[in-house]
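This is a predicted model, with the sequence first.
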Amino acid sequence: MKMLGKAAFIFGAILLSPNAIAQVPPPPPLPQQGKISEDLVRVFADKDLSGYSNLLADDLKVYEDDVLIAQSKGEWLKRFGPMLGAKGVSFTLSHGFASTGRILFTEYYNTVASWGGSVPAHCCWGYDAVAYDIADGKIKSIRRLKGGDMKLDETGKRATP
């Protein structure tokens, strides 16, 4: 009996150790997830509204700060399309993360075009944290958390231009 008790104790200690838990691999990505994330980066860099539209499901839902702002692909493209395609507005998607069925990016955008003149490139950057939920090979929902106009460094302090 003593031996069985020791074995149970050791087995329990192994199961509860942080190293045993940390060794569980993450779930595999959805087959189309990598392609969609690559396509998102490309369509934003190229300002390709048609390519962006092809990534979206017709019944797309878009939330901004947890408020539903678009209930279809058409409604979202009417709202966001002019910004994506605007002359002088540029986008950069940064440091994406993924879990099964979701891609996360920080979207930086430069709105220098709204100034109507030559403004330094480090001016006028804004950012949003964006989660794209994927199902059946399409983006089914977009959840945006509005950022501000101040870029932060890795420590959370204001980044210098």
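Looks like it came in fine. Everything numeric in this text was worked out from a predicted model, so none of it was measured. Numbers count the residues shown, from 1 in each chain.

what about the strands in this protein?
Along the chain, counting by DSSP state E, strands occupy 56-64, 67-70, 90-99, 102-110, 125-135, 138-146.

among these, which gets the worst mean confidence?
Averaging pLDDT over each of the strands of the chain singles out strand 90-99 as the lowest, with a mean of 78.

what does that strand contact?
26-27, 29, 33, 37, 40-41, 44-45, 47, 84, 103-110 (Cβ atoms under 8 Å, 6 or more residues apart in numbering). Backbone N, C-alpha and C define where each C-beta goes, glycine included.

For ChimeraX, write a command that selects the buried ones of the residues you listed.
Buried members of these, defined by 16 or more other Cβ atoms under 10 Å, are picked up in ChimeraX with:
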select :29,33,37,40,41,44,47,84,103,105,106,107,108,109,110
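
Give me the neighbour count for Val89.
17 (other Cβ atoms under 10 Å).

my guess is it contacts Gly126, does it?
No. Between Val89 and Gly126 there is no contact under Cβ atoms under 8 Å: 10.2 Å.

Which one of the strands of the chain lies nearest to Arg158?
Ranking the strands of the chain by proximity to Arg158 (Cβ to Cβ) places strand 125-135 first, at 12.2 Å.

buried ones in stretch 47-63?
Lys47, Tyr52, Leu55, Leu56, Ala57, Leu60, Lys61, Val62.

Give me the distance between the two termini of that stretch.
Counting by Cα to Cα, to the nearest Å, you get 22 Å between the two ends of stretch 47-63.
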